[in-house]
Every structure is written in C-alpha cells, then in structure tokens.
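Peer 1: Pasting a predicted model and its sequence here:
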Amino acid sequence: MITTNLTGESLIGSNAVLGEGHEFSATAPARNETLPGTFRNLNLAQASQVVDKAAAAFEAYSQLHPHKRADFLAAIADQIEAIGDPLLERASAESGLPLARLTGERGRTCGQLRMFSRLVREGSWVDARINPALPDRQPLPRPDIRRMLVPLGPVVIFGASNFPLAFSVAGGDTASALAAGCSVIVKAHPAHPGTSELVGRAIQAAALETGMPEGTFSLVHTDNEVAQALVAHPAIKAVGFTGSRGGGLALLRVAQARPEPIPVYAEMSSVNPTVVLAGAMQERGTAIAEGLAGSVTLGVGQFCTNPGIVFVLQTDKLPDFLGTLGAKIRSSVPATMLTPGIRDNYSRGIGTLTHAQEVSLLAQSESNARSEHTEGRPAILTTTGAAFKQNPALSHEVFGPSSLVVVCTDEAEMAACLQTMEGQLTATIFATDADLKASAHNWVALLQQKAGRVLFGGYPTGVEVSEAMTHGGPFPATSDSRTTSVGTAAIERFARPVSYQSFPDALLPLALQQANPLGIWREVDGNLVKE
C-alpha cells in the first residue's frame, strides 16, 4: 500500500533522498495559498549520482525479457489506481483542475501504460528485419543480416504543468521510454510536486513488485540549473519535454552543445489554425461558432491543441458567426488557471494583442474573475488578413482561453496567411464538397505541411491515445517533426536501429533468433511472417 503522506524527497531507485538544495512548497492556484508539504531540490552532486544509478540500471533493464517490461508497465497502472482519491484530490489542489477532469486523466494515464504493456508483449514494434545468408549468390555471397530497434539508454523526462498525470511522472514520455527498454529519470514539475511524489511512489512500488533493476526509475526535484546539468551528463541519451518554447529551446541548446549531441523531443508551442471556407460558413456557421467557443474555453484553454487562430472569409454569414461566437464567450465563466504565473502570462498576452494595430476585442467573459491572480477570462479577438500577414507576432501562442479570428478577403489571402505560419500540432478545415471542388487551393496539402494532425470538420482539443495518433508537428510545435508523443509510435523516439551480421544464433537478441521464440511478426526478405 502506497502511503499518501508526502515527504518532499526525491525517489532514487528504491530509495528516498532529501535534497540538499532549495526548499519550496506547492501552491493551490484556486486560493493562491501554500499547500501542506515541503520539498527539497537535489543539488548537483546528488543529481549526478542519480544518473550514475540510471546508467547502471540500463545495462540490466535493457536486456530483460520484454514480457517482464510489459509486466512492469501494467503494474504501474495498477499501483496508480490503488492510490485512489487522495491522488486526485492532491492533483486538483495543486492544479486547480476539477476532480472529474482528473479522473478522466488518470484513466488516460493508466490506459496508455497498459497500451504500451500490450505493445511490448506483442513485440512487433522492434521492426525485426532478416535477410538470411545467400552463400551461393553470384558474383558475391550475401552474409546473414538481421536488424531491429534497441533502446537508446538512460533518458530524462520533464513533467508538464497542464497535465499533472497524463504528461507528467507516469505520462506518455515515461511510459514509452520504459517500454523501449530505457531507464528513466523524471524531473518533477514544481507546480505539482505532491502529485509527482505520489505517482513516483507508485512507479517505485511497481518496480519492486516486478523485480526491476535498481535505478530503472527515479523522480527528482531540481532547479533549472541542475536539470540542465542532467541533460548535459554524458550518460543521458535522450530527453522528453512538454512545456514552453523558451524551456524547450534551452534544453535543445544544452543537448546540442554536448560532445555527444542527443535528441530532445520537445513539444513547445502551437496555435492550431482553423480554416472555415464559405460553403461551410453558409451551411453551419452558427454550429461551428458554438463548437469553437467550447473548444477555446475547454480546460480554461490550457490544452496544447487549443484553436488559437481561426481563418474566415468576408461573407454575408460572417456577422452571424461572429455574433454567436461572441455571445458564447461573453456568457462563459472565468476559471482557475494552473498557476498564477500562467495566468499572468495569459493576461499579458491578451493585453499585447488588444493593443496591436488592427486588432479588436470582439468579446470577453462578462463575469469578472473572482481572483485577478488565478482566473483567466475567455476572450475572442479579430483582425484582418492583411494585418495578420504584416505582423508575425499575431500568430504567437497565447496560452489560455482565447482565440484570434482572422477575416480574409478571399481564399488567396487566407492561403497566404497560412503560409506565413510556423509549424503546428494540429490544423483544421471546415468545408463542403463544393468548397473543395471550386477552390484553387489544395487545402489538405497546405495544412499537412503545417501540422502533424489535420482535422476535417472537428475541433482539435482532445487527443485520442491510439496506434494511429500523431501528436507532434513541424517546429516549433515540436523539436522533431518526425515523431509523436502520443500513441504507440511514441516508443520509436527512445530506440535506434542495429544490424547484426553473421552472428551465431545464440548470441542474437530473442527477436532475431531463427526460431522466433517471442512469436512476433518479422520481415524476412521483404515478407511479413511469424515463422
């Protein structure tokens, strides 16, 4: 049974260690009050010892039978669920998120852990490829060559502020890295250290229950300087990060300045443009406006897939669209944001947009925030396509419950606006068949150049955890557009290919041995077989 008493310690393998660095406490954003519990950051020497332990653990963990890793992942989910309501209550106190939202997030967290457990047990993710020897081939014989993905090494994961469970200590980055066979060090997010400790103890208990090598998982409280030192440590082989653009770029610089540069898989910034063509506006502009208002304000706009830019055309249905959207926003209610700092940044962002040339405030929640330091007031602003093209700052993310409607004179101007934008996690189009047939633009091709997930007639908030999901996109949405942080393909970030040539069968990894003892699908001379 996991104790819910918080100690403020870092969890290093099976041990708990009180840091010798800065002391801090968590804040309840709903009340702007200090929560019970005092936490201590590790200093540089302590953090270095964590990496040494993770490096030693990797040698053993990476060689475990994959079914043992699968058991570990499933046990983590069981242990998280066993904490019960105290986990949700602490997460709600630290984040301001409602219990219902966090109950769903816990289900998502445990669901993706079990999804990776099934993936590892099934085994085909290693992409085993075999070209048997052809000793009689002319003019030269072919040696036996076998290829598969193997784990990178110890990795550092940074917890996110907006998902204290699903993108944090036991979130998708941790789950996919452990599934790949990497040892993991998680840097707890300072906004929810108590939640992090509870989940960390669940992983620690699962590791002991399933007999994982000492140091396979560690949870650390550190400041930014020590966190960057973790990334710079020569034993670390990759980084997972979800957060601000500035934070992600800082880690990228550290990782690239090492004698051995390493990949940083950073999700950083996205405004998720939505395109509404004329026919769709004519047919269901009011319904689209209502849906957008709900998407913009969902979770106080603190989703990385919040639709922050909406492109529309100047048509006779536009006033109805704007009227509906404005009315919905005015009747919305301010709500607690994750931290006072996030709320302050949101307020400054809205202020900057409001004072920009040719930008107007269409609507803002008519309910005053109960606390100017913690609650965000939903807002919708408008501008023109010409102004949007001239001012790149209008396309920058404002993290919170707002969106900028860009009114374009025609589709050519709309397409030109989209071309000026940076990479995004999502891009959405509302269109009729007639819109697409009459258009001179290939909207799907344009949107897929800009985003990792393209939606037709829907809203981007809400990311399905599934095999086919891509949660990634061109820079700065992510630092590597070839990857995803959600879905089973996320495991590929923490693995690399190795070919084994002319090896004795007994020395090969199980996935490549002739008898196929794991019973996985493998590509043999171009054919997928299990034999």
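Peer 2: Nice, thanks for sending it over.
Peer 1: which non-adjacent residue is nearest residue 455?
Peer 2: Once flanking residues are discounted, residue 455 sits nearest to residue 428: 4.2 Å by C-beta to C-beta, 6 or more residues apart in numbering. Just so you know, the C-beta spots here come from the backbone N, C-alpha and C atoms, and that holds for glycine as well.
Peer 1: which SS class is that neighbour?
Peer 2: Under DSSP: H, G, I helix; E, B strand; the rest coil, the three-state class of residue 428 is strand.
Peer 1: State the distance from it to residue 361.
Peer 2: Look at residue 428 and residue 361: by C-beta to C-beta, to the nearest Å, they are 23 Å apart.
Peer 1: And those two? Which one has more around it.
Peer 2: Set side by side, residue 428 and residue 361 show more neighbours around residue 428, with 26 against 14, by other C-beta atoms under 10 Å.
Peer 1: still on that earlier bit, give me the pLDDT for the residue nearest to residue 455.
Peer 2: The per-residue pLDDT reported for residue 428 equals 98.
Peer 1: And it, how far from residue 378?
Peer 2: Distance, residue 428 to residue 378, using C-beta to C-beta: 19 Å.
Peer 1: ok, now residue 279?
Peer 2: 28 Å.
Peer 1: Kindly report the same for residue 510.
Peer 2: Counting by C-beta to C-beta, the separation of residue 510 from residue 378 is 54 Å.
Peer 1: State whether residue 297 is indeed within a helix.
Peer 2: Yes: Residue 297 sits within a helix when classified using three-state DSSP.
Peer 1: hang on, it packs against residue 334?
Peer 2: No: using C-beta atoms under 8 Å, residue 297 makes no contact with residue 334, being 9.7 Å away.
Peer 1: Show the contacting residues for the residue nearest to residue 121 when sequence neighbours are not counted.
Peer 2: Leaving aside its sequence neighbours, residue 121 sits nearest to residue 70 (C-beta to C-beta, 6+ apart; 4.1 Å). Contact analysis of residue 70 by C-beta atoms under 8 Å, 6 or more residues apart in numbering lists 117-118, 120-121.
Peer 1: Between all of those, which two are separated the most?
Peer 2: 118 and 120 (7.5 Å; C-beta to C-beta).
Peer 1: Mind checking which of those two has more residues around it?
Peer 2: Each of residue 118 and residue 120 has its neighbours counted (other C-beta under 10 Å); residue 120 has more, 25 against 13.
Peer 1: Give me the distance between the more buried one and residue 446.
Peer 2: For residue 120, the distance to residue 446 - C-beta to C-beta - is 38 Å.
Peer 1: next one: residue 93
Peer 2: Residue 93 sits 44 Å away from residue 446, going by C-beta to C-beta.
Peer 1: Between these two, tell me which one has more neighbours.
Peer 2: Using other C-beta under 10 Å as the criterion, residue 93 and residue 446 rank with residue 93 on top: 21 against 18.
Peer 1: Tell me where the longest helix sits in this structure.
Peer 2: Once the chain is assigned using DSSP state H, the helix that runs over the most residues is helix 99-122.
Peer 1: Could you look up the next helix or strand downstream of that helix?
Peer 2: Using DSSP states H and E, the helix or strand that follows helix 99-122 towards the C-terminus is strand 129-131.
Peer 1: In its sheet, which strands sit next to that next one, and in what direction?
Peer 2: Here strand 129-131 is paired, per DSSP bridges, with strand 145-151 (antiparallel), strand 522-524 (parallel).
Peer 1: Out of the ones you listed, which gets nearest to residue 301?
Peer 2: Comparison of those against residue 301 by C-beta to C-beta identifies strand 145-151 as nearest, at 36.9 Å.
Peer 1: partner strands of the very next helix or strand once past that closest one, parallel or antiparallel?
Peer 2: For strand 145-151, the following helix or strand on the C-terminal side (DSSP H and E) is strand 155-158. Strand 155-158 has the following strand partners under DSSP bridges: strand 184-187 (parallel), strand 238-242 (parallel).
Peer 1: how about these in a markdown table, adding mean neighbour count?
Peer 2: Below are these laid out as a markdown table (neighbours: other C-beta atoms under 10 Å):
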| stretch | mean neighbour count |
| --- | --- |
| strand 184-187 | 28 |
| strand 238-242 | 27 |
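Peer 1: Out of those strands, flag the one nearest residue 318.
Peer 2: Residue 318 sits nearest to strand 238-242 of all the strands paired with strand 155-158, at 35.9 Å, using C-beta to C-beta.
Peer 1: Return that closest one as PDB; C-alpha atoms alone will do.
Peer 2: C-alpha atoms of strand 238-242 as PDB (Å, rounded to 0.1, in the frame of the first residue of the first chain):
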ATOM      1  CA  ALA A 238      17.600  11.500 -24.900                       C
ATOM      2  CA  VAL A 239      15.200  14.000 -23.400                       C
ATOM      3  CA  GLY A 240      11.400  14.200 -23.400                       C
ATOM      4  CA  PHE A 241       9.900  17.700 -22.700                       C
ATOM      5  CA  THR A 242       6.500  19.300 -22.800                       C
END
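Peer 1: now the helix or strand following that strand and strand 238-242, what's the angle there?
Peer 2: Sequence-wise, the next helix or strand downstream of strand 238-242 (DSSP H and E) is helix 245-257. Per axes from the mean of the first three to the mean of the last three C-alpha atoms, to 10 degrees, the angle that helix 245-257 makes with strand 238-242 is 170 degrees.
Peer 1: who's in contact with helix 245-257?
Peer 2: Here helix 245-257 makes contact (C-beta under 8 Å, 6+ apart) with 158, 224, 228, 231-232, 239, 241, 261-264, 266-269, 397, 476, 479.
Peer 1: Ok, stretch 287-298 next?
Peer 2: Under C-beta under 8 Å, 6+ apart, the answer for stretch 287-298 is 274, 276, 280-281, 306-307, 310, 321-322, 324-325, 328-329, 332, 378, 380, 401-403, 430, 459-462.
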